[in-house]
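Asks: Sequence first, predicted coordinates after that:
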Amino acid sequence: EAQLVESGGGLVQAGGSLRLSCAASGFTSDNYDIGWFRRAPGKEREGVLCISSSDGTTKYADSVKGRFTISSDSAKNTVYLQMNSLKPEDTAVYFCTRTFPGYGCLESYDYWGQGTQVTVSS
C-alpha cells in the first residue's frame with residue numbers, strides 16, 4: 001500500500017525556518033510529480049510547490065516563491081520542504097503529495113499524507 005508520512009511541523013516565530021520531511025513507501029513507480037499542499041483554517045487547500053517528473057521543473061505558488069524550496073533524497077525515499085522567512089499566513093497543515101504526470105501537480109494530487117501542522121507566530 002502506498003503511503004506518505006510527513007514530519008517536522010511545529011511552532012516557529014515569524015521570520016524563522018522549518019524543514020518538513022515526507023517519507024514515501026509502497027510506491028511501485030517513481031513516475032509521479034512530487035509536491036506539497038497546505039490547508040489553512042477556513043481556506044481552500046493550496047498547492048505550495050511541486051516537481052514535475054517529466055522535465056524536472058519546479059512549480060511554485062506565488063505566495064512562497066523565494067522562500068520555500070523542495071528537495072529529495074531518493075536513497076531514503078524522502079522529500080523535504082525547506083521553509084524560510086516564514087510568515088503568520090503560512091500557518092496551515094502541510095501534506096505531501098504524489099500526482100500522476102500531466103495532471104497539474106499544483107492543482108491536484110492522487111496520493112497524500114496525513115499532514116503536519118505548521119504554526120507561525122507573529
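Replies: Looks like it came in fine.
Asks: Quick check: closest non-adjacent residue to the residue most central in space within the chain.
Replies: A centroid search over the chain (C-alpha atoms, centre = their mean) returns Trp36, at 2.0 Å, as the residue closest to the centre. Leaving aside its chain neighbours, Trp36 sits nearest to Val48 (4.4 Å; criterion: C-beta to C-beta, 6 or more residues apart in numbering). Quick note: C-beta positions are derived from backbone N, CA and C, even for glycine.
Asks: Could I get the CA-only coordinates of the helix or strand that that neighbour is a member of as CSV?
Replies: Per DSSP states H and E, Val48 falls inside strand 46-51. Taking Å, rounded to 0.1, in the frame of the first residue of the first chain, the C-alpha atoms of strand 46-51 are listed here in CSV:
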residue,chain,number,x,y,z
GLU,A,46,-3.4,25.4,-1.8
GLY,A,47,-0.7,23.8,-3.9
VAL,A,48,2.6,25.1,-2.5
LEU,A,49,5.2,23.7,-4.8
CYS,A,50,6.0,20.6,-6.8
ILE,A,51,8.5,18.9,-9.1
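Asks: Just give me the neighbour total for Gly16.
Replies: Using other C-beta atoms under 10 Å as the criterion, Gly16 is surrounded by 13 other residues.
Asks: And it, which helix or strand is it part of?
Replies: Secondary structure from DSSP H and E places Gly16 outside every helix and strand.
Asks: I'd assumed Leu86 was in contact with it.
Replies: Yes - under the criterion of C-beta atoms under 8 Å, Gly16 is in contact with Leu86, at a separation of 5.4 Å.
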